[in-house]
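>>> Following is a predicted model, sequence given first.
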Amino acid sequence: MAFPGTWMTESQSMVYRVVPKCACSTIGQIMYYSDHGRFYDGDVHDATEGLHKWAQEHSQPIIKASIKTRTGYTFTCVRNPYSRVLSSFFDKICGIQRNGKRYRGNLVPLLIQKYGIEVGGDDGTEEFDQVRSFRRFLLFVRDTIRWRRPMEPDIHWSSVSGHVSTFIVNGGRYRHIFWTEKFNEGMQTVLDNVQTPYPVDLGTIPRFNESEGHGPKRLHPVEDYFDDLSMHLMKEIYHRDFQLFRYDFDNPANKLPLGEIDLDEVHAKLGD
C-alpha cells in the first residue's frame, strides 16, 4: 500500500489526495489551520511540519493506518480539463517560478526549439501569440502522455483521473470528490463530516493561489484557445476526466460540471 500525493491532518480528521492545479494550496492551508488555528507561513507544499505527507517517511505508516482503518475523511478535488491545462501553460511554461528560474530548467528551451512555442521572452513580460503557443504546448502534452516523449508527463498536466486513481488502486476509498469550480460547497461537505481542533469558516478563508502572478495574464476567454484540433487532442488526453467528473467536453466556455459525480463509478473505473 503506497499513497503518493496524500496529505493528512495531524489530528487524522482529513485525508486528502493532492491533485496539482486543483486548489491544492488552499485545501492544504485549510487542513493546516484546522489543526493549528493558524495558516502555514509560506507555500504549504513546502511545509515539513504540521501536516502528515506521504513524501515524509515518518508520516507513511500513520497515513497508511488511517486509510486502512477508514479513520480520516478521505477526499479529493478535481477541475475542468480545459482551464486546468491552460493554467499549467501560463504558470509552468510561461511563468518564472518562486526560485526565480524557469520550471524544470531546460524544459522551456526544449519547447521553444522542438515545438516553436513562445513564452513572452526571458521574463514572460513580452507580448506573444498566446493562442498559437498554447496549441503547440498541447501537442507537447499529448506527446508526453501518449508516447512519454520527449519526456515523462508532468504532474501538472497529467490527467486528474490518473492522480485520483493511485489512491484507489492502492486500497483507499474516497468519501467525497468535489469540483474546484464549486469549491466552497464541496469543501463545506468535508468540514461538515469531520471534527477539527479549530473550527474553519470558509467564508473568511483566503484563496491561496501560489501560482498567481508567475506568468503572463491570460488575454482571452478559455474557449478562444481551443479549435477543432485542440479539442480533439483534449479528448484524446483527458477523455476519462470529462466523463468521470462530468465536465462539458463540447463547450470549453462552460467550466461547470453537467451532473453529479458517481463515486461508485469512479472507484469501479479507476480501480483496475
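That came through fine. Worth saying up front: this structure is predicted, and the values here are computed from it rather than measured.

>>> For Thr76, which three-state class applies?
Secondary structure assignment for Thr76 (DSSP: H, G, I helix; E, B strand; the rest coil): strand.

>>> Just grab the bridge partners of it for me.
Thr76 forms beta bridges with Ile177, as assigned by DSSP bridges.

>>> burial count for it?
26 (other C-beta atoms under 10 Å). Backbone N, C-alpha and C define where each C-beta goes, glycine included.

>>> Return the per-residue confidence for the nearest residue to Leu270 once chain neighbours are set aside.
In space, Leu270 comes closest to Ser165 once its chain neighbours are excluded; the distance is 3.8 Å by C-beta to C-beta, 6 or more residues apart in numbering. For Ser165, the pLDDT comes out at 98.

>>> got the contact list for the helix or strand harbouring Ser165?
Assigning secondary structure by DSSP states H and E places Ser165 in helix 160-169. The contact list for helix 160-169, computed with C-beta atoms under 8 Å, 6 or more residues apart in numbering, reads 2-6, 17-20, 22, 74, 76, 78-79, 81, 84, 155, 174, 177, 238, 240-241, 244-245, 266-267, 270-272.

>>> now do stretch 186-202
9, 11, 13-14, 27, 30, 33-37, 72-73, 75, 77, 175-176, 178-179, 184.

>>> In that stretch, which residues are buried?
By neighbour count on 16 or more other C-beta atoms under 10 Å, the buried set for stretch 186-202 is Gly186, Met187, Val190, Leu191, Val194, Thr196, Val200.

>>> Distance of Asp201 relative to Lys21?
According to C-beta to C-beta, to the nearest Å, Asp201 and Lys21 sit 26 Å apart.

>>> ok, now Asn193?
25 Å.

>>> where along this structure do the helices fall?
Assigned by DSSP state H, the chain shows helices spanning 24-36, 60-69, 81-88, 107-115, 130-146, 160-169, 183-192, 228-244, 263-270.

>>> so how many other residues sit close to the nearest residue to Phe137 once chain neighbours are set aside?
Of all residues not flanking Phe137 in the chain, Phe89 sits nearest, at 5.1 Å (C-beta to C-beta, 6+ apart). Burial measure for Phe89: 27 neighbouring residues, criterion other C-beta under 10 Å.
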